[in-house]
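K.L.:
What follows is a protein structure lacking sequence information:
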C-alpha cells in the first residue's frame, strides 16, 4: 500500500478505525495547518512551540494521548515544525517550547501505545524521536537557533527528555511541578530518547545523583533540581513568562541568524507511488530520487539522479529556487524515503544505493555548497544533508553501493557510497549493452573530508581509514582526481572492482547471501562497523542506549504479559525475573 504525499488521503490522517495495535501506513508529510498536537507562533525573533496533544488523535487505535503524552504522530509534527523553523523562518533566533495544559508540560511517550506496539514499532519510534531531538540540538549548534524549554508543569520521562534536547531548561516553581525519569522504576525500561546520556554527558549531573534521579519516580523540583543541574532555573508562576522572554531575547541577541531574510516554504513533496516503484520529482519535473522494491529479494534499489541543469548563478538565485534547488530536492526526497522504508517496509533489509547523472554537474553543485556556505539557506541545506546522511548511518539495513557507467558518485554524492557497508565498482563497461559508454569513475572532494560528519564527529573518509592515517593522507592528495575502478580499489575507496563478465553474477550472489542471513545479527554487526573511533553523545544514544533499550523491550520484565509495561496503571507492579544477565 503506497504512502500518500502531503495533501492527499492517508490512513494516518483519517478517522479509520484500525484493529488494536495494528500500525497504519505512516506518512511523514505534514504541515502546520494539519497539526493536531502542536501550535507554532512566531513573533519577530522568537517563536513559541506549544504542545497541546489532542488525546483523541492517536496515530493507532487502542489508546488515548492523555496528559500531553505522545506517540509517533506527535513527533512527526514536531520534526516538521523544527524543519520549518530552520527554512521558513530564518529570522527566528530563539524557540520557546512549552506545554498547553495546566501544570503539565509533557508526560512522555504514551505507555499504552508502547505496551500494545510490536517490538519493531517501538524501536523505530525511539529511533525517530532520538533523531528529532538531535535535530533540535543541531539547530542550536549549527544554526544559532537556541531552544528554551519553558516547563509550565511536570516534565516526566520522555517529556523531560524533550526538555533535555533544549539548550536551556526553566521549571515553574508552583509547589508541585517536577522533572523526572520514572522509566526504570515504574516501567522496567530505560528513558529511551537519550535521557540517561544527556543527564550525565550534557547536563553534567554527577553520576551518583543521576542514579538517584533515575530511580526516584516522583522526581525533583525547586532548589534541588537546580543544584543538581537537572534544570537551569526554577521560577515562580508570577515571574515565569517574563523570565522566559528575557532568556529568549538574550539568546536571540547572540544569534548569528540573519535579519530580514526571506524564508523558503517547504511545499509538499512531489512523489509518485506506483506499486513497488517510488519516484520523487523536483521542480524540473525530472526525478531526483527513485526506488524500486524487489520483494522476493528483500531488496530496494535506490537511485539518486544528478541535476538536470547547472547551479544557479549566485546565492540569490539559489534562494529563488527554494525547495527545487537540486541539493535541497535530493535531501528532502532521501529523508522521506529513508523514513518511509524504515517504518513501512521492515522486511526490505537490503538497500542498494546507485546514482545516475553528469559528474561535472554534481561537482559544480558540490563546489557551490562550499563557496556559498556562509549564506543562510545554503548553510541550512548543507546541515540538512548532513542530518539525512546521519539518518542513513543509523538505519538498521544493509547498505551496498553500486558504481557503474553513468554513475555520479562524486563529492556530496560520494558520501552515499562511503556510508554503505560495501562498494562494488564495475571495471570498464558492460560490453554487451554499452560498449561505447565511459567507464565509471569516482571523485573525492573537500566535502568528503568534514563537511558532513557522522555521529562520531568523524568524516566518512576518516571512519573508513580509522587507524590507517597514511591511506587517508594518500586519498586526500588525490582529491579532485577522477579515479577509475583500479585506482579506486588501490586507494581503498571500494570493496571490489570487477569486469562485466563477473560483475552482475558476483553482485547477485552477494545480495542473495545477505538476504539469507539473520537480520538481528546483521543489525548489530553493521552498527559496530560503521561507528569506529571516539564515542560522542550521539553514538552513545544510538549505540549503547538504543541497543540496551531494544534488548529490554524484548524481555518479559518489561514487555511480557505480566511485565511492567502491561501492568502500568493497574495498581500492580510487574512480575520480575530477578536474575541479572
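P.N.:
Noted; the coordinates are in hand. This one's a predicted model, so the numbers in the text were calculated from it and none came from an experiment.

K.L.:
and the helix or strand that residue 246 is a member of, which residues are buried?
P.N.:
Per DSSP states H and E: residue 246 is located in helix 237-254. Residues of helix 237-254 classed as buried: 240, 243, 244, 245, 247, 248, 251, 252 (neighbour count, 16 or more other Cβ atoms under 10 Å). For every residue, glycine as well, the C-beta is placed using N, CA and C.

K.L.:
Which member of those residues is positioned nearest residue 491?
P.N.:
Of all these, residue 251 has the smallest distance to residue 491: 45.4 Å, by Cβ to Cβ.

K.L.:
Identify the residue nearest that closest one in space, chain neighbours excluded?
P.N.:
Distances taken as Cβ to Cβ, 6 or more residues apart in numbering put residue 146 closest to residue 251, at 3.9 Å, once the chain neighbours are dropped.

K.L.:
For that neighbour, which residues are in contact?
P.N.:
93, 94, 95, 140, 167, 168, 248, 251, 252, 254, 255 (Cβ atoms under 8 Å, 6 or more residues apart in numbering).

K.L.:
How confident is the prediction for the residue nearest the centre of the chain, by pLDDT?
P.N.:
For the chain, residue 131 is the residue whose C-alpha lies nearest the centre (Cα atoms, centre = their mean; 3.7 Å). Residue 131 is assigned a pLDDT of 96 by the prediction.

K.L.:
what do you get for residue 12?
P.N.:
Looking at residue 12, the pLDDT reads 35.

K.L.:
Residue 57 now?
P.N.:
Looking at residue 57, the pLDDT reads 96.

K.L.:
ok, now which ones touch it?
P.N.:
Here residue 57 is in contact with 36, 37, 65, 73 (criterion: Cβ under 8 Å, 6+ apart).

K.L.:
Now it: phi and psi?
P.N.:
Dihedral angles of residue 57 (phi, psi; degrees, to the nearest 10) stand at phi -120, psi 50.

K.L.:
Please report the distance of it from residue 74.
P.N.:
9 Å (Cβ to Cβ, to the nearest Å).

K.L.:
next one: residue 205
P.N.:
Distance from residue 205 to residue 74, by Cβ to Cβ: 27 Å.

K.L.:
Could you list the low-confidence segments of the stretch 351-500 of the chain?
P.N.:
Within the stretch 351-500 of the chain, not a single segment meets pLDDT under 70.

K.L.:
Same question for the chain.
P.N.:
Using pLDDT under 70, the chain drops low at 1-22, 284.

K.L.:
which one's the longest helix in it?
P.N.:
helix 119-143 (DSSP state H).

K.L.:
what's the angle between it and helix 237-254?
P.N.:
60 degrees (axes from the mean of the first three to the mean of the last three Cα atoms, to 10 degrees).

K.L.:
Could you point out the helix or strand that follows helix 119-143?
P.N.:
strand 146-151.

K.L.:
before we move on, the earlier item: report whether the expected contact of the residue nearest to the centre of the chain with residue 391 is present.
P.N.:
Yes: under the criterion of Cβ atoms under 8 Å, residue 131 makes contact with residue 391 at 5.9 Å.

K.L.:
ok, residue 556 - contacts?
P.N.:
Residue 556 touches 562, 563, 577, counting by Cβ under 8 Å, 6+ apart.

K.L.:
what helix or strand is residue 40 on?
P.N.:
strand 38-43.

K.L.:
after that strand, next one along is what?
P.N.:
From strand 38-43, the next helix or strand downstream (DSSP H and E) is strand 46-51.

K.L.:
Now do that following strand: which elements does it pack against?
P.N.:
strand 38-43, helix 72-87, strand 94-99, helix 237-254 (3 or more Cβ pairs under 8 Å, 6 or more residues apart in numbering; DSSP states H and E).

K.L.:
returning to that earlier point: save the buried residues of helix 237-254 as CSV, and put in distance to residue 101 too.
P.N.:
Formatted as CSV, these follow (distance: Cβ to Cβ, whole Å):
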residue, distance to residue 101
240, 15
243, 20
244, 17
245, 21
247, 22
248, 21
251, 25
252, 27
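
K.L.:
and residue 281, how many neighbours does it have?
P.N.:
19 (other Cβ atoms under 10 Å).

K.L.:
Distance of the residue found closest to it once you drop the neighbours it is linked to in the chain relative to residue 30?
P.N.:
Computed as Cβ to Cβ, 6+ apart, the closest residue to residue 281 that is not its neighbour in sequence is residue 270, at 4.3 Å. Distance, residue 270 to residue 30, by Cβ to Cβ: 16 Å.

K.L.:
what's the answer for residue 97, then?
P.N.:
18 Å.

K.L.:
These two: which is more packed in?
P.N.:
Neighbour comparison, residue 97 and residue 30: the larger count goes to residue 97, with 25 against 21 (by other Cβ under 10 Å).

K.L.:
Give me the distance between the residue lying closest to that one once chain neighbours are set aside and residue 35.
P.N.:
Nearest residue to residue 97 in three dimensions, chain neighbours excluded: residue 49, at 4.8 Å (Cβ to Cβ, 6+ apart). Applying Cβ to Cβ, one obtains 10 Å for the distance of residue 49 from residue 35.

K.L.:
Same check on residue 167?
P.N.:
Residue 167 is 24 Å from residue 35, by Cβ to Cβ.

K.L.:
Backbone dihedrals for residue 301, both of them.
P.N.:
Dihedral angles (degrees, to the nearest 10) for residue 301: phi -100, psi 120.

K.L.:
just checking, it touches residue 352?
P.N.:
Yes: assessed by Cβ under 8 Å, residue 301 is found in contact with residue 352 at 4.7 Å.

K.L.:
Between those two, which is the more surrounded one?
P.N.:
Ranked by neighbour count (other Cβ under 10 Å), residue 301 and residue 352 place residue 352 first, with 22 against 17.

K.L.:
Could you tell me which residues touch both of residue 57 and residue 74?
P.N.:
37, 65.

K.L.:
now the end-to-end length of stretch 280-298.
P.N.:
End-to-end distance for stretch 280-298, by Cα to Cα, to the nearest Å: 22 Å.

K.L.:
The strand holding residue 40 packs against which elements?
P.N.:
strand 46-51, helix 72-87.

K.L.:
So which of the ones you listed has the densest surroundings on average?
P.N.:
Mean neighbour count (mean count of other Cβ atoms under 10 Å) peaks for helix 72-87 among the helices and strands packed on strand 38-43, with a mean of 23.

K.L.:
For that helix, which helices and strands make contact with it?
P.N.:
Taking 3+ Cβ pairs under 8 Å, 6+ apart as the contact cut, helix 72-87 packs with strand 38-43, strand 46-51, helix 119-143, helix 376-393.
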